[in-house]
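Colleague: The following comprises the amino acid sequence and a computationally predicted model.
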Amino acid sequence: MMDIICDLFLATPIQGDTPWLKKLALFHREFVPKPERAYAGFLGLNISRLMAVAHVTTARKDRIGILSIPVRYRDSTRLTEAEAMAAAVRQYPDWSLSTRSSYPALGNPMFYSFFGGPISAEPSDEERAGGGNIAIDSLDGHAWVGDEMAIYHYDYCNLL
């Protein structure tokens, strides 16, 4: 995990003259923000996971909505929302699912999020723990289960 290369992903637009973007350019000279431009989505950086976490932590202090995302999610072809829903239905055939929010509305290109619940009257402990949310990976369609979401948020975004 130490040598995973990440990019920074802005979930909400910020102006190019934002002080945080100016500081970011000091660390990454290939990134030259234009003051008149609004930046959102991937910034196009290739930086270590640890450096990305440091930038995310600093940006959050300035109330900037930002994530650290492995570059494979930027550079690979992602599933469509319909393909992700089909993957969710295959993995949770006994669930009633609907679109709750999905990339880009959710602000994370790593997964699509669907809402639902088991058709049966008694959900399992894992189903209860998810609170009716199912996250489907946007690259390979696997469901993020167990601690995968918590590990990502802690290891990549310094969130508990």
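Modeller: That came through fine. Numbers count the residues shown, from 1 in each chain.

Colleague: CA atoms of stretch 34-45 as CSV?
Modeller: Presented in CSV, the C-alpha positions along stretch 34-45 are these (Å, rounded to 0.1, in the frame of the first residue of the first chain):
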residue,chain,number,x,y,z
LYS,A,34,-5.2,29.4,-13.4
PRO,A,35,-6.8,32.1,-11.1
GLU,A,36,-9.8,32.5,-13.4
ARG,A,37,-10.6,28.8,-13.7
ALA,A,38,-12.8,26.7,-11.4
TYR,A,39,-11.3,23.3,-10.5
ALA,A,40,-13.3,20.2,-9.8
GLY,A,41,-12.8,16.5,-10.2
PHE,A,42,-9.3,15.1,-10.7
LEU,A,43,-6.4,17.5,-10.6
GLY,A,44,-4.1,15.3,-12.7
LEU,A,45,-1.4,14.7,-10.2
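
Colleague: Can you give me the buried ones in that stretch?
Modeller: By neighbour count with 16 or more other CB atoms under 10 Å, stretch 34-45 contains the buried residues Y39, G41, F42, L43, L45. C-beta here means a position set from N, CA and C on the backbone, and glycine is covered the same way.

Colleague: Give me the distance between the first one and K22.
Modeller: Relative to K22, Y39 is positioned 12 Å away (criterion: CB to CB, to the nearest Å).

Colleague: okay, and the common contacts of those two?
Modeller: With contacts taken as CB atoms under 8 Å, 6 or more residues apart in numbering, the residues that reach both Y39 and K22 are P33.
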